[in-house]
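1. Here's my sequence, what's the structure:
(one chain, ligands or ions: 2)
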Amino acid sequence: MELMKAAILRSPHVVEYAEVPRPQMTDPGDVILKVEKTAICGTDLHPYEGRIEIEDDVILGHEFLGTVVEVGSAVGQFTVGDRAVASCVVNCGHCFSCRKGDPARCIGSRIFGLGIALGGLDGGQAEYVVVPNADLSMRKIPTIGAGTDDDHLFTGDIMTTGYEAVRRVFTPGDTVAVVGAGPVGLCAAMSAVALGAAQVVVVDKVAARLKEAEAIGAIGVNADEGDPQDAVYDLTDWRGADIVIDAVGHESALLSACRLARAGGHISIPGVYLEESINLPFGELWLKGISITGGVANIVNYMDEVTALVNVGKLNPSRLISHRMGLSEVTQAYKMFHNHEATKIVLDPGK
Ligand SMILES: [Zn+2]
Ligand SMILES: [Zn+2]
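-> Ligands and ions are numbered 1, 2, ... in the order given. Next up, the predicted model:
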């Protein structure tokens, strides 16, 4: 049996760089990628910190790109040697929602590296990974253009998650407020700028994150130094923002979003909510006629748009990378990410 190295979550807070069997294809729609770059995502912290229940010994990771080394007999879009990036979510392509063009609601959705409950796919923080339904779930990395591998790496998850959160409710000229300047929030702000927002406001409490938001072209508002509602109302003739993005996934962020949105506006939620219920000012939301949209990101529907914008240099998510480490240092990498010592860590499986 051939072996490979991978990041294994033994139990909450215990990630090991360990040797495991190299994965095999089980379906004619599969390809095997030799992983060249893989990143740690905020979502990886849900199993790491024990917030979602997951079986022991899962190979983590759902942001990765690499070179195709094996191709199933039913795959038409890829051949051995192609370089490609995978969507973090794999959809079936055939169910009611997939047929309706809404694969994020696919009843057969599977996410890499998050255990049996989310489809049981081994993750990409490894030397090799199987990508099912490759024709639907993967995109070739363009061989020419402004986008680097580090930019394209994020089209499979955070860049497209942030983009979709804006794009699904966006009208050119909108004022977009983003609550939370983590990687997805900054990707949403970058997308709003690229799509033609009149103004983009980013609300956070960490000065370094707000500085990055301003470098992207947004207006940074420090929630510790003043009321973000005043700042947003000042910028919008006292109406509020057309779109508010909750890129945090916490009740306090959603409450803030409710206050920042104008009457008739939209709250779009790429932040992850796992709780059964939360408190919302429902009467105010109803009176203001605010629409709320959320759910698992519709990656495959928007990857082509995002790849095109990355490739002409309008979206450059690689600027969010704070650390580059070898996969062999993955234990340390998770500790740093968990302790908020890194914005975005890219791991090299060859090191
Ligand atoms: Zn993710
Ligand atoms: Zn489906």
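2. dump the residue contacts of the closest residue to ligand 2 within the stretch 251-351 of the chain.
-> Distances between the stretch 251-351 of the chain and ligand 2 by Cβ to the ion are smallest at residue 300, namely 10.3 Å. The C-beta positions use only the backbone N, C-alpha and C, and glycine is treated the same way. Taking Cβ atoms under 8 Å, 6 or more residues apart in numbering, we find residue 300 in contact with 87, 89, 91, 103, 136-137.
3. Just give me the least confident of these.
-> Least confident by pLDDT among the contacts of residue 300: that is residue 103, with 92.
4. Can you report how many residues neighbour the closest residue to it other than its chain neighbours?
-> Distances taken as Cβ to Cβ, 6 or more residues apart in numbering place residue 91 nearest to residue 103, at 3.8 Å, with adjacent residues excluded. The tally of other residues near residue 91 (other Cβ atoms under 10 Å) stands at 27.
5. Quick check: residue 91 touching residue 100?
-> No. In terms of Cβ atoms under 8 Å, residue 91 does not count as a neighbour of residue 100; the distance is 11.8 Å.
6. re the thing from before, got the contact list for the residue nearest to residue 103?
-> Contact partners of residue 91, counting by Cβ under 8 Å, 6+ apart, are 98, 103-104, 106, 108-109, 133, 136-137, 300.
7. now swap in residue 258 and tell me
-> Residue 258 is in contact with 267, 280-281, 284-285, 290, counting by Cβ under 8 Å, 6+ apart.
8. and those residues near ligand 2, which?
-> Among the contacts of residue 258, no residue is within reach of ligand 2 (Cβ under 5 Å from the ion).
9. just the buried members of those?
-> Listed as buried from those are 267, 290; burial here means 16 or more other Cβ atoms under 10 Å.
10. Among the contacts of residue 258, name the ones in strands.
-> Counting by DSSP state E, the part of the contacts of residue 258 found in strands is residue 267.
11. Include pLDDT and distance to residue 308 when you put the contacts of residue 258 into TSV, please.
-> Converted to TSV, these look like this (pLDDT from 0 to 100; distance: Cβ to Cβ, whole Å):
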residue	pLDDT	distance to residue 308
267	98	27
280	92	36
281	94	39
284	94	39
285	96	35
290	97	31
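12. Tabulate the contacts of residue 258 in a markdown table, adding columns for distance to residue 228.
-> Output for the contacts of residue 258, formatted as a markdown table (distance: Cβ to Cβ, whole Å):
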| residue | distance to residue 228 |
| --- | --- |
| 267 | 14 |
| 280 | 18 |
| 281 | 16 |
| 284 | 16 |
| 285 | 18 |
| 290 | 17 |
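13. Quick check: of the contacts of residue 258, which lies closest to residue 306?
-> Using Cβ to Cβ, residue 267 is the member of the contacts of residue 258 that lies nearest residue 306, at 21.9 Å.
14. secondary structure class for residue 211?
-> Per DSSP: H, G, I helix; E, B strand; the rest coil, the local secondary structure of residue 211 is helix.
15. bridging residues for the residue lying closest to it once chain neighbours are set aside?
-> The shortest distance from residue 211 to any non-neighbouring residue, by Cβ to Cβ, 6+ apart, is to residue 220 (7.0 Å). On the basis of DSSP bridges, residue 220 is bridged to residue 202.
16. Right, and ligand 1 sits closest to which residue of the stretch 251-351 of the chain?
-> Closest point on the stretch 251-351 of the chain to ligand 1, by Cβ to the ion, is residue 297, at 8.5 Å.
17. and residue 304, that one's in a helix?
-> Yes. Under three-state DSSP, residue 304 falls within a helix.
18. didn't it look like it was pressed against residue 139?
-> Yes. Using Cβ under 8 Å, residue 304 makes contact with residue 139 at a distance of 6.9 Å.
19. Tell me which of these two has more neighbours.
-> The neighbour count for residue 304 versus residue 139, taken as other Cβ under 10 Å, is higher for residue 139 (21 against 12).
20. which residues in the stretch 201-350 of the chain form helices?
-> Using DSSP state H, counting those that start in this stretch, the helices of the stretch 201-350 of the chain run over 207-216, 228-235, 251-260, 282-288, 299-311, 330-338.
21. Before I go, just wanted to say thanks for your time.
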